[in-house]
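Asker: structure, please.
(one chain, ligands or ions: 1)
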Amino acid sequence: MVFMLNPRTSTVEFGGIGGAMAISIGLPLFTIFLNQMVRPDYFIQGFFKNFDLVQICNGIRSFSYYVKRYDVWTYYSVWFTVLALFDIILPGKNMKGVELRDGSKLPYKINGIAMSAVLTVMLAVRWTLTNGELPELQYLYDNHVEICIVTILFAVLVSIYCYIASFIPLMGKNGTGSKEKILALGGNTGNPIYDWFIGRELNPRLGPLDIKMFCELRPGMLLWLLINLSCLHHHYLKTGEINNALLLVNILQGFYIFDGVLNEEGVLTMMDITTDGFGFMLAFGDLTLVPFTYSLQARYLSISPITLNNVQLSIIIGMMALGYYIFNAANTQKSHFRQGKLPHLESIKTERGTKLLCDGWWSKSQHINYFGDWLISLSWCLTTWSQTPLTYYYSLYFATLLLHRQSRDEHKCRAKYGKSWEEYEKRVPYKIIPYLY
Ligand code: NDP
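Answerer: Next up, the predicted model:
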């Protein structure tokens with residue numbers, strides 16, 4: 001059979017072109033809607049008892065207004081560009097990605113620790129220089145929805161750029177000796193709308209910058225951290241006090257982000273980097289959805305603060321600790337096993353020569369790490385306690401994301417490991433939650 005580097009995609013996801021269009025319009029609108037429900041002048045209380053469409057839409061302007069908000073564009077462009085420059089120049093560990101279809105491995109620089117250190121120093125310097133006023137954080141807080149809308153438009157532009165660039169041949173040659181770029185197996189249908197949405201090129205790069213990896217780790221994740229901080233800062237400036245619920249959500253989510261930075265190289269083997277193309281779906285998820293929906297609890301608490309008592313604090317911290325313990329122990333165990341450090345654990349040898357672990361954490365369920373991660377998400381929502389179900393949106397969304405991810409991974413592993421995967425499924429029947437699902 002003739003080897004084709006970039007075969008045509010024959011099966012589509014998300015309902016094809018119709019689904020891609022619906023998601024591309026619906027999800028951004030939903031994100032704006034969600035943030036409009038948590039504003040200083042109007043916020044959802046209780047079980048949506050003051051839900052009012054007119055109030056929710058209040059303040060939303062015409063499309064051209066956002067296109068002409070040059071101050072917001074400048075603010076976000078500076079943020080994006082400075083981070084990209086730091087990503088390129090800051091020192092880090094040089095690593096290779098997984099082997100691609102042409103037999104090559106792309107180089108990556110893992111410099112999250114240096115990046116976090118520089119940002120922390122910059123914030124500390126600005127805090128000192130501005131006597132704690134930090135106008136850039138106040139701007140972020142005051143222009144929350146405007147910045148959110150600009151990130152959506154930014155994601156559209158970045159994904160259009162990546163789609164067009166995917167047709168431009170490589171400067172050098174790929175591993176097969178041609179100038180063809182490697183496309184995502186799922187993003188080469190030939191339909192511009194679908195391929196733009198799902199991502200046509202597997203690893204779009206601009207000079208030394210890997211656009212997908214950069215967007216996945218920097219502008220969105222770090223903006224999430226800054227939005228949380230801006231909420232704490234705003235509340236402190238307004239009241240002179242530090243609210244314990246707001247502080248807690250900052251610490252818990254900050255810890256999670258920092259842990260991600262410490263284990264950054266793990267991203268290199270994740271589906272998003274190894275399999276998915278970089279289109280609007282990922283760009284929007286990275287640049288908008290992460291910062292502007294993961295920060296919903298902090299935003300809500302800055303508008304409607306509560307003081308958590310010791311019992312509530314213990315429940316929340318306990319839930320986070322349990323979730324993190326499962327998440328971290330399971331991921332570390334799999335990683336150590338794959339490095340050959342745990343040979344005594346039971347496993348199934350696959351026809352590809354690799355092994356599927358079915359012992360320890362990985363005998364409890366096929367994705368016990370997802371269960372831990374979900375418990376973490378629930379602990380964050382609990383910081384708003386019983387004020388409104390709206391802030392529990394994140395846990396619901398994350399459960400959907402993990403369920404979808406699990407089914408995609410199952411599909412991939414079934415095709416990759418065949419009979420060995422079937423045997424694994426018999427040995428480890430639960431998919432995520434032991435004894436339940
Ligand atoms: P997994 O860590 O479960 O990795 C799945 C891959 O691991 C499979 O494709 C297969 O890859 C290999 N594998 C599966 N089962 C076994 C086994 N029993 N033994 C050995 N190898 C196995 O999933 P993800 O990469 O999706 O997630 C990684 C972490 O990131 C999770 O903890 C998840 O919760 C978290 N995450 C967080 C997100 C967020 O927004 N906060 C978003 C997405 C993920 P192979 O083909 O190489 O064998």
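
Asker: what's around the nearest residue to I227 once chain neighbours are set aside, how many residues?
Answerer: Nearest non-adjacent residue to I227, counting by CB to CB, 6 or more residues apart in numbering: S295, 4.1 Å away. C-betas here are computed from N, CA, C, even on glycine. By the measure other CB atoms under 10 Å, the count of residues near S295 is 28.

Asker: wait, what's in contact with S295?
Answerer: The neighbourhood of S295, defined by CB atoms under 8 Å, 6 or more residues apart in numbering, consists of W224, I227, N228, C231, Q253.

Asker: let me have the residues you listed in CSV, adding distance to N263, neighbour count and pLDDT as columns.
Answerer: Output for these, formatted as CSV (distance: CB to CB, whole Å; neighbours: other CB atoms under 10 Å; pLDDT from 0 to 100):
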residue, distance to N263, neighbour count, pLDDT
W224, 17, 22, 98
I227, 23, 23, 98
N228, 20, 26, 98
C231, 26, 27, 98
Q253, 16, 22, 98
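
Asker: hang on, the earlier thing: and the pLDDT for the residue nearest to I227?
Answerer: In this model, S295 is scored at 98, pLDDT.

Asker: could you do the one 5 residues further on as well?
Answerer: On pLDDT, Y300 comes in at 98.

Asker: what about it, which SS state?
Answerer: helix (DSSP: H, G, I helix; E, B strand; the rest coil).

Asker: ok, it to N228 distance?
Answerer: Distance of Y300 to N228, given as CB to CB, to the nearest Å: 12 Å.

Asker: re the thing from before, just the ones in strands from the contacts of S295, please.
Answerer: Counted as lying in strands by DSSP state E, out of the contacts of S295, is not a single one.

Asker: distance to the ligand added to those, as a markdown table?
Answerer: Listed next are those as a markdown table, based on distance: CB to the nearest ligand atom, whole Å:
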| residue | distance to the ligand |
| --- | --- |
| W224 | 10 |
| I227 | 16 |
| N228 | 15 |
| C231 | 20 |
| Q253 | 10 |
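
Asker: now do the buried residues in the one helix or strand F214 maps to.
Answerer: In this assignment (DSSP states H and E), F214 forms part of helix 211-217. Neighbour counts over helix 211-217 (16 or more other CB atoms under 10 Å) mark I211, K212, M213, F214, C215, E216, L217 as buried.

Asker: just the CA trace of that helix, in PDB.
Answerer: The C-alpha atoms that make up helix 211-217 are tabulated as PDB, following Å, rounded to 0.1, in the frame of the first residue of the first chain:
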ATOM      1  CA  ILE A 211       1.500  28.100  18.400                       C
ATOM      2  CA  LYS A 212      -0.600  25.200  19.800                       C
ATOM      3  CA  MET A 213       1.600  24.500  22.700                       C
ATOM      4  CA  PHE A 214       2.000  28.200  23.500                       C
ATOM      5  CA  CYS A 215      -1.800  28.800  23.400                       C
ATOM      6  CA  GLU A 216      -2.400  25.700  25.500                       C
ATOM      7  CA  LEU A 217      -0.100  26.800  28.300                       C
END
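
Asker: what does the average pLDDT come to for that helix?
Answerer: On average, helix 211-217 scores 96.

Asker: for it, name the packing helices and strands.
Answerer: Judged by 3 or more CB pairs under 8 Å, 6 or more residues apart in numbering; DSSP states H and E, helix 211-217 is in contact with helix 70-89, helix 144-165, helix 271-274, helix 280-284.

Asker: and stretch 329-349 with the ligand, contact?
Answerer: Yes. Stretch 329-349 reaches the ligand (CB under 6 Å from any ligand atom) through N331, K334.

Asker: any idea of the mean pLDDT in the lengthiest helix in the chain?
Answerer: Determined from DSSP state H, the single longest helix within the chain is helix 310-338. Per-region confidence: helix 310-338 scores 96 on mean pLDDT.

Asker: for that helix, packing partners?
Answerer: Using 3+ CB pairs under 8 Å, 6+ apart, helix 310-338 sits against helix 244-262, strand 355-357, helix 368-382.

Asker: comparing the ones you listed, which comes out most buried?
Answerer: Mean neighbour count (mean count of other CB atoms under 10 Å) peaks for helix 368-382 among the helices and strands packed on helix 310-338, with a mean of 22.

Asker: name the residues of the helix or strand following that helix that are buried.
Answerer: Next in sequence after helix 368-382, counting helices and strands by DSSP H and E, comes helix 393-417. By neighbour count on 16+ other CB under 10 Å, the buried set for helix 393-417 is 393-395, 397-398, 401-403, 405-406, 409, 413, 417.

Asker: on that earlier part again, a markdown table for the helices and strands packed on helix 211-217, including distance to E133, mean neighbour count and mean pLDDT?
Answerer: Shown next, in a markdown table, are these (distance: least, CB to CB, whole Å; neighbours: other CB atoms under 10 Å; pLDDT from 0 to 100):
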| stretch | distance to E133 | mean neighbour count | mean pLDDT |
| --- | --- | --- | --- |
| helix 70-89 | 17 | 15 | 98 |
| helix 144-165 | 18 | 21 | 98 |
| helix 271-274 | 38 | 16 | 90 |
| helix 280-284 | 33 | 25 | 98 |
